[in-house]
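Student: Show me how the following folds:
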Amino acid sequence: MPCDQRGAYRPAVTDIRERDEADEAGGSDDSAARSVTLSDSPVGEADDDGPQDFGAAAPAPATAQENGRASAEGSGEPFVLVVEPLLPQRIRRTSDALRFLATLLSLGAVILLALVAKQTLNGLERDVADGTSRAPDLLIGVAAFLAGTAVLAVPAAFAVERVFHRDGLRVAEGLIAAIVGMLVSFVLGEWLAVAGPDDLRLLLTGNRDVEPINTLLTSVVAYVTAVRLSRRPTWRGLMWAAIALDVFALFTGAEATALGVIVTYLVGLAVGFATLYAVGSPNTRPPGGAVMGALRRLGLVPAHARRIADDAQGSRRYGVMLTDGRRFDVTVLDRDRQVAGVLYRLWRRMRLNSETRRRAIRSLRAELEREALMAYAAQAAGVCTPRLVATSEIGTEAALLAYEHLETRQLADIPDDELDDRLLVRIWRQVELLQAQRLAHRRLTGDSIHIDAEGGVVLMDARSGEIAAGDLLLRLDVAQLLTYLALRVGPERSVACAAEVMPKRELAGALPLLQRIALTRGTRAEVAKDKELLPALREQILSLTPREHVEEVRLERFQPRTLVTIIASAFAAYFLLSQLSRVNLVEVVASARWGWGGVALAAAGLSYIAAALMLRGFVPEKLPLGRTVLAQFAGSFVKLVAPAAVSGVAINSRYLQKRGIAPGLAVASVGASQLVGLGSHVVLLLLFGYVTGTGAAPSMSPSRGLVIGLLSGAVVVLIVLAVPQLRRMITTRVRPLFSGVIPRLLDVLQSPRKIIEGFAGTLLLTLAFVVCLDACVRAFGGSLSFTAVAVVFLAGSAIGSAAPTPGGLGAVEASLSLGLTLSGLPGTVATSAVLLFRLLTFWLPVLPGWASFTWLQRHDQL
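Tutor: I've put the predicted structure just below:
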């Protein structure tokens, strides 16, 4: 087996040191090797500070043979043929896009902070004006003259210098950015002057006749950013001095404000980065010839090479044949690839706990050292993996790792029926070797597990690994491999083969980590298609280790749903506060008719009895009315932390299970009540809507609004049925809830008393809420028909049930207020009525709900 042939070669490793880009402007000398890239145009590109010779920067020849002869004659070195596709002359760098987004976020934060701290900013503005006004007139005149000259002369001088160095394309990019910056600043300035927010316009102009965003300064900053002047220390210092003089001159002449200068600078930066990303940057990735030159410096003399498939993380790979017949696989790490996927990694860092997350951005050197260290550690552990032979830098923009070549094929390419138990056991043997030396692979998937010609297992892709890994990372490896193999051969075989190698205690340790968030991205996508896979894996592990006690592991700091809830709640709170600001609470409370308030309170209390009757009616088993009512009050407490559609279902299901009803039957009973409630809700909405539409008309034809509503609903249903993805999503979510509903309803239909109790409770629940809202309207002097109030409540509660906020907070208030206002109520009356309604039905029951929740838990009823 190739992995048993260790120590045949001595690794050649070069010292890799970070170099300042300015010192490397002349490029690196890779004349030790010459190569040809088979292409139709030049593949070498100048870097940002000047041309760089990668050893293959000449135009592609008419034939490879002619170029090989010329190279050999010119340098005295043997000709090396590198077969690879043409490298793009320009690339869009992810780093430019990230800088653009970061600048936009900074701009938004600055504006938001300025609007919040207006008084502080005005004080700062006065201090700046007072300080600049004390400058001597001679200094002001000199500064104004120098600023006007330097802010244009420095960019022009840099452009001339670049043109002399035949780098005019960079100057053209800068001019494009300057023109775009001028247009953007002009458009934004006109918008702020005509239709922008008054507060922002005042902060940017200081109530003076000045430009909100300085056009000249925006263009200069955009130009400087687009030509990457920051990478040239001398020019950068001159440019900053010119900009500082220009800002000083603007302040002394009262032609700009502090916020205006900051916003101008950020807008210029954003335009510059956007231009860089849009037009692209010169490709500084070293071509194959530079890679061969680096290998030659290591004492590895290549005969020919070919570009092969990139690795799983997008890095280039070359298959190289040496003159002595040895073969190597060379991985090239490009500097501009280090930020690829950074947004996804940043999201994972924020979402996951610290021990499981990875650094979002690593330097080229750190990435090289990480992979090399992991490769050497795996070899020392006896793991069958390609032996790392050499590492080296390639100029300043890339580095390479040379591995000995092994003839293998990916596990993902092997059919499932060829994966016998012996192969699976051999895979686990390799993982066992990693675990014994506390090495975490962190990417045990079908493309990182290879099989050689003799059936041996070879582990690839060491870059994602960790040395001296903690227990959690080692357990994550086990969970990942268990899940991947279960996708291929089924949970039973996956666990059985793992149990032949791994101790049962370690398998049990992976049990709480069988979560989608713990898996690699590709495995997560496959698991999402098979909802039963992870539960089946847990059952198989539990059957092997029934007595092992494993603590629960929380990998996520928060769930995306929680983030959505927080954002929605913030908007809801803003809406409620804005509504309260429109109402004079003292006057409203003093003028209210609180007799109707008592009616509303009684109706709100009646709704909990109705909800209890509704639940009892769809449960064939006997339930005590008192404790069932307490369970409904407990649900009002849970609404504070869960959406309205979720809290009631969870509390009622738990309550029924504590009453001795099987979990499946409990969920089916709650599902039956929810299904009947949904049907009743729709029927009542249509009925009251029909009556409301005909109340003002002499005929019994339905209203135009009702017809439009019905047609809109029909269109939505047709769209859902026509789009397979939507149809699949709806059925996937609804089927588990109502899978046992029909048999449960058939059980209930055998008892007429239960039918009456269930349907009566459903109707009474809706009427109680309608009566409560109607009484709240009348308490503040409003007058609407009962049917109109019913339509408003039914529509508002439907919107609130779909909202992700706790108890539909914000969505219910907005929909009810809008509905009552459209029905003819004054805005203040509608707002006051809705706030009283929500006080009685959402906020006031929280305290008795907490008491009920605590009492039921103490008596083992929840």
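Student: Show the end-to-end separation of stretch 158-178, please.
Tutor: One end of stretch 158-178 to the other measures 14 Å (Cα to Cα, to the nearest Å).
Student: residues of that stretch that come out buried?
Tutor: Judged by neighbour count using 16 or more other Cβ atoms under 10 Å, the buried positions of stretch 158-178 are Phe158, Ala159, Arg162, Asp167, Arg170, Val171, Glu173, Gly174, Leu175, Ile176, Ala177, Ala178. In short, each C-beta sits where N, CA and C put it, glycine included.
Student: Find the helix or strand that the spatially most central residue of the chain is a member of.
Tutor: Centroid-nearest residue in the chain, with Cα atoms, centre = their mean: Trp347, separated by 5.1 Å. Under DSSP states H and E, the secondary-structure element containing Trp347 is helix 342-351.
Student: Which SSE is immediately downstream of that helix?
Tutor: helix 364-380.
Student: Direction included, what does the helix or strand following that next one pair up with?
Tutor: The C-terminal neighbour of helix 364-380 among helices and strands, as given by DSSP H and E, is strand 388-394. On the basis of DSSP bridges, the sheet neighbours of strand 388-394 come out as strand 12-13 (parallel), strand 398-404 (antiparallel).
Student: which residues touch Asp96?
Tutor: The contact partners of Asp96, taken as Cβ atoms under 8 Å, 6 or more residues apart in numbering, are Phe273, Leu276, Tyr277, Ser281.
Student: In contact with the first one, which residues?
Tutor: If a contact means Cβ under 8 Å, 6+ apart, then Phe273 has Asp96, Ala97, Arg99, Phe100, Thr103, Thr225 as its contacts.
Student: And the first one, how close does it get to Arg488?
Tutor: Spelled out, it's Asp96. Counting by Cβ to Cβ, to the nearest Å, the separation of Asp96 from Arg488 is 41 Å.
Student: again, but for the fourth one
Tutor: As defined by Cβ to Cβ, Phe100 lies at a distance of 42 Å from Arg488.
Student: And these two? Which one has more around it.
Tutor: Shown here are Phe100 and Arg488; by other Cβ atoms under 10 Å, Phe100 has more neighbours (21 against 17).
Student: Excluding chain neighbours, what is closest to the more buried one?
Tutor: The shortest distance from Phe100 to any non-neighbouring residue, by Cβ to Cβ, 6 or more residues apart in numbering, is to Phe273 (3.9 Å).
Student: can I assume Ser852 is in contact with Phe637?
Tutor: Yes: in this structure, Ser852 is within contact of Phe637 by Cβ atoms under 8 Å, at 7.2 Å.
Student: Which of those two has more residues huddled nearby?
Tutor: Ser852 (25 against 20).
Student: circling back: same question for the helix holding Trp347, mean pLDDT?
Tutor: Mean pLDDT, computed over helix 342-351, is 73.
Student: what's the most buried one of the strands paired with strand 388-394?
Tutor: Counting by mean count of other Cβ atoms under 10 Å, strand 398-404 has the highest mean neighbour count of those, with a mean of 23.
Student: What mean pLDDT does that one get?
Tutor: In this model, strand 398-404 has a mean pLDDT of 94.
Student: what's the offset of the strand or helix carrying Thr828 from the middle of its chain?
Tutor: Of the helices and strands defined by DSSP H and E, Thr828 is found in helix 827-838. Using Cα atoms, centre = their mean, to the nearest Å, we find the averaged C-alpha position of helix 827-838 to lie 38 Å away from the chain's own average C-alpha position.
Student: Next: stretch 340-355.
Tutor: Averaging C-alpha coordinates over stretch 340-355 and over its chain gives two centres that are 9 Å apart (Cα atoms, centre = their mean).
Student: What of stretch 452-467?
Tutor: Offset of stretch 452-467 from its chain centre (Cα atoms, centre = their mean): 30 Å.
Student: Need the max-distance pair from the buried residues of stretch 158-178.
Tutor: With distance counted by Cβ to Cβ, no two of the buried residues of stretch 158-178 lie farther apart than Asp167 and Ala178, which are 16.9 Å apart.
Student: picking up where we left off before, sitting in helices, which of the contacts of Asp96 do you find?
Tutor: Using DSSP state H, the members of the contacts of Asp96 that fall within helices are Phe273, Leu276, Tyr277.
Student: So which of the residues you listed is the closest to Val777?
Tutor: For Val777, the closest of these turns out to be Phe273, at 54.7 Å, with distances computed as Cβ to Cβ.
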